[in-house]
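**Student:** this one's sequence-less:
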Ligand SMILES: Nc1ncnc2c1ncn2[C@@H]1O[C@H](COP(=O)(O)OP(=O)(O)OP(=O)(O)O)[C@@H](O)[C@H]1O
Ligand SMILES: [Mg+2]
């Protein structure tokens, strides 16, 4: 094969071309034997050489997170402000600012840290393990604890856990696309190798690649950062593009930040132009900035997502990448593999035509290296490998070729036994054994039996002379066709219901299978699935991506597609603007799983599929997925509540305060009071991640929608500002309130409006008909409001610069709050629509 020299992105050779040294030398250098290391020795090496991991998945330590927060510009400015207050003798100001910074940083860090830890524990529970020989026994060990000198056993579908050389290889082929960009598998066999370029290392396996055929025993030579993956592609491989939701949130954050900067500068300059005291104006501007910044947004997103992940785990869905929860909630098309998700995956041989066909199929299935596939297992269950035969060579199964060949010897004969998809085997046949060869008739027979729901494999043979050696697929020619083996894979009764449930959630299911079109059609009928159209791999191969994108909308069924075509179908759907999920379990599904918005696999799947997935189903059941989708939407709805809170009252309040500060001769709130207001407001929102969500929010897919956010802001923001300005006017001109009275009243009104509005905007419909709020949300919001009232009106009031309010003023405030809430309830229907 030429692929090594054709590879488009050849990485530079690494320092240590260890594969040129030969197995003996490496074993000696690493103090290892083919029987593996002792457990104690492995532990010793682990402590000196470090974990076998490229990225650092351990969440940053708490102390580091605190430091990082203290270094944020706003917090730093606040700390400077506190210092200035202290130096000028304003000790209450100093204490209050410090206290507020301390409490909010602590809240933020502790919440986020706990959430991350919980999510990380979940992720670990589905982490890939490797089979290492330790203390003379093959046992599963966490990939992270592999060390140089370990001897690892790999089967087809396994992820290569470290760099090393093959000690044993049986038809091993590795897909090294991640490192070389080369999509075709490279054959790997033990033995000497002279080339120093890793692309020529036919006897070495590299971390991050996948064994896609055969089996291998590998001596680990380099781990963690010493691997080529660690050296070349760590960041690239690990980093994924942000989801639409993440991009949206980030965009919103930036927008608010810019507005804040503009507003704060404006306020500061205006105050200075009016000859207000410089320090006070500066502190006021800073406090406004703090009040406006959505500083809790990152924490709330993390906490909401982790809580979502924990709840999904209870429903048998483990989340590996937190942001995928949003993708799952936004998903409107689900592509699924057939075997295992829609069928029971209890494949059984139904009939084999003749005993000879079965005998040959068993030779092929049983004498091939690597793990038997479910089809192989079904053959061997019906017929054990005939005695007296041995394998001399093999051409392992390939998903593009769809057949596998084994050169076997026995009974004084030497023959190549081929089995595979009917059309793939028939294409290499030129005659038939014992009867006339009529390819068209045989294809028609395969088609007819497929339409009865039988999965078929064709079996063919060729006598191979002594002098011919079998090395590659070119040996599969001039075959004599023997017959078909037919298999039954019963449809999963629950699958029809699950697909209907997904449809009720607004998700369209498409089947993307490597199996034949009649089999797929039969299954769709048996399950009563609403599916239309059919494209085969052959047709797709003739289309460019553009043409494919034009068809995928209407077509729900795809048959005989190769792994790369699965990926192309997925990308075509994405190009049409869909948020697409892909669920599959095979090596052939991994590229599509990786390309999906929500890549899904199941616990029993091949390692490659699990490694590529964002979500792992612990039960191989589409019904479980529907639960996960609802959870994803719940999470989205709760993050949106926070976003709406931030863009409505809170924003409006700070804005009108900036305006008012210029209209009245004193500050509408002291800087420390603004900070206190902001802190209590933050606390009131801590319950949002726990909140219950309306049925309506679960019924359809939701993705980030900037227009909706803007619409909400443009309706609710001005409403809040209008009421604020009315309050200002009433207090200042109506009641003739002095500075302290004014601030107390404003503090109370502002807290009440921005905290209570959550009970309205948490639902799109009438607030009283919504799912009742979670007790945690009731507790945090009413608690924060109670504390605010107690501080403003209670015994501590003088320390904080508050003054007692006359009864008339209190009554007016109450009326304003009630009016505001009533108006918000009316207008939100326009805003959320
Ligand atoms: N071990 C094997 N030996 C020979 N041929 C095989 C073997 N496994 C699979 N095939 C052929 O390759 C085809 C594609 O493989 P497979 O059915 O696993 O693809 P898939 O996309 O995972 O299908 P499904 O949607 O059923 O899960 C099979 O239909 C069969 O004809
Ligand atoms: Mg499959």
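**Tutor:** In hand now; what should we look at? Every value quoted in this text rests on a predicted model; they were computed, and no experiment measured them. Ligands and ions are numbered 1, 2, ... in the order given.
**Student:** any idea how far apart the tips of stretch 769-778 sit?
**Tutor:** End-to-end span of stretch 769-778 (Cα to Cα, to the nearest Å): 16 Å.
**Student:** now stretch 528-546
**Tutor:** With Cα to Cα as the measure, what separates the two termini of stretch 528-546 is 31 Å.
**Student:** next, the buried residues of that stretch.
**Tutor:** By neighbour count, with 16 or more other Cβ atoms under 10 Å as the criterion, the buried positions of stretch 528-546 are 529, 531, 534, 535, 536, 537, 539, 540, 543. For glycine as for every other residue, the C-beta is placed from the backbone atoms N, C-alpha and C.
**Student:** same deal with stretch 199-216?
**Tutor:** Of the residues in stretch 199-216, those buried by neighbour count under the rule 16+ other Cβ under 10 Å are 199-216.
**Student:** so it, near ligand 1 or not?
**Tutor:** No - counting by Cβ under 6 Å from any ligand atom, no contacts exist between stretch 199-216 and ligand 1, the nearest distance being 10.1 Å.
**Student:** quick check, pLDDT for the closest residue to ligand 1 within the stretch 401-550 of the chain.
**Tutor:** In the stretch 401-550 of the chain, the residue found nearest to ligand 1 is residue 514; the distance is 2.4 Å by Cβ to the nearest ligand atom. At residue 514, the model reports a pLDDT of 93.
**Student:** would you map the strands across the stretch 501-650 of the chain?
**Tutor:** If you assign secondary structure with DSSP state E, counting those that start in this stretch, the strands in the stretch 501-650 of the chain sit at 508-512, 535-536, 557-559, 580-583, 598-602, 615-617.
**Student:** quick one, which of those is nearest to residue 636?
**Tutor:** Proximity to residue 636, assessed across these by Cβ to Cβ, is greatest for strand 598-602 (12.9 Å).
**Student:** could you pull up the mean pLDDT of the closest one?
**Tutor:** pLDDT averaged over strand 598-602 equals 93, rounded to a whole number.
**Student:** pairing partners for that strand, with directions?
**Tutor:** Here strand 598-602 has these sheet partners by DSSP bridges: strand 580-583 (parallel), strand 615-617 (parallel).
**Student:** list of residues touching it?
**Tutor:** 324, 327-328, 331, 340-341, 579-585, 589, 592-593, 609-610, 612-620, 625 (Cβ atoms under 8 Å, 6 or more residues apart in numbering).
**Student:** which of those fall in helices?
**Tutor:** For the contacts of strand 598-602, the ones inside helices are 324, 327, 328, 592, 593, 609, 610, 612, 625, with DSSP state H as the criterion.
**Student:** could you tell me which residues of this structure lie near ligand 1?
**Tutor:** 337-339, 373, 375-376, 397, 402-404, 419-421, 457, 513-515, 586, 588.
**Student:** how far away is the most far-flung residue of the chain relative to its centre from ligand 1?
**Tutor:** Outermost residue of the chain with respect to the C-alpha centroid, by Cα atoms, centre = their mean, is residue 736; its distance is 57.8 Å. From residue 736 across to ligand 1, the span is 78 Å (Cβ to the nearest ligand atom, to the nearest Å).
**Student:** tell me where the model's unsure across the stretch 301-450 of the chain.
**Tutor:** Counting by pLDDT under 70, the stretch 301-450 of the chain shows low-confidence ranges at 369-371.
**Student:** the helices in it, which residues?
**Tutor:** Across the stretch 301-450 of the chain, reading from the start of the chain, the helices by DSSP state H, counting those that start in this stretch fall at 324-330, 355-367, 374-382, 422-426, 439-451.
**Student:** what lies in contact with the third one?
**Tutor:** Contacts made with helix 374-382 from outside it, assessed by Cβ under 8 Å, 6+ apart, are listed as 339, 345, 347-349, 352, 358, 361-362, 365-366, 368, 372, 455, 457, 485, 487.
**Student:** please repeat the previous calculation with a cut-off of 7 Å.
**Tutor:** Applying Cβ atoms under 7 Å, 6 or more residues apart in numbering, the contact partners of helix 374-382 are 345, 347-349, 358, 361-362, 365-366, 372, 457, 485, 487.
**Student:** so how do I select the buried members of the contacts of strand 598-602 in PyMOL?
**Tutor:** The following PyMOL selection, which keeps only the buried ones among the contacts of strand 598-602, applies the criterion 16+ other Cβ under 10 Å:
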select buried, resi 324+327+328+331+340+341+579+580+581+582+583+584+585+589+592+593+609+610+612+613+614+615+616+617+618+620+625
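**Student:** picking up where we left off before, farthest-apart pair in the buried residues of stretch 528-546, please.
**Tutor:** Greatest spatial distance among these (Cβ to Cβ): 529 and 543, at 24.4 Å.
**Student:** isn't residue 321 up against residue 614?
**Tutor:** Yes - applying Cβ atoms under 7 Å, one finds residue 321 in contact with residue 614, separated by 4.4 Å.
**Student:** who touches both of the two?
**Tutor:** Shared contacts of residue 321 and residue 614, defined by Cβ under 7 Å, 6+ apart, are not found at any residue.
**Student:** report the closest residue of the stretch 351-500 of the chain relative to ligand 2.
**Tutor:** Going by Cβ to the ion, ligand 2 is nearest to residue 374 of the stretch 351-500 of the chain, at 8.8 Å.
**Student:** count the residues that sit near that residue.
**Tutor:** Using other Cβ atoms under 10 Å, residue 374 has 16 neighbouring residues.
**Student:** what's the answer for the one 10 residues further on, then?
**Tutor:** A count of nearby residues for residue 384, using other Cβ under 10 Å, gives 10.
**Student:** tell me which residues of the longest helix anywhere in the chain are tucked away?
**Tutor:** With DSSP H setting the assignment, residue counts place helix 91-125 as the longest helix in the chain. For helix 91-125, the neighbour count (16+ other Cβ under 10 Å) marks 93-94, 96-98, 100-101, 104-105, 107-109, 111-113, 115-116, 118-120, 122-123 as buried.
**Student:** against residue 62, how distant is residue 209?
**Tutor:** Remark: distance between residue 209 and residue 62 (Cβ to Cβ, to the nearest Å) = 36 Å.
**Student:** let me redo that: residue 686
**Tutor:** Where residue 62 is concerned, residue 686 sits at a distance of 18 Å (Cβ to Cβ).
**Student:** which strands or helices does the helix or strand where residue 808 lies pack on?
**Tutor:** Using DSSP states H and E, residue 808 sits within helix 807-832. Contact partners of helix 807-832 among helices and strands, from 3 or more Cβ pairs under 7 Å, 6 or more residues apart in numbering; DSSP states H and E: helix 706-729, helix 739-756, helix 758-761.
**Student:** kindly recompute the last result at 10 Å.
**Tutor:** Using 3 or more Cβ pairs under 10 Å, 6 or more residues apart in numbering; DSSP states H and E, the elements in contact with helix 807-832 are helix 622-645, helix 706-729, helix 739-756, helix 758-761.
**Student:** from the chain's centroid, how far away is the last one?
**Tutor:** Its chain's C-alpha centre and that of helix 758-761 lie 30 Å apart, by Cα atoms, centre = their mean, to the nearest Å.
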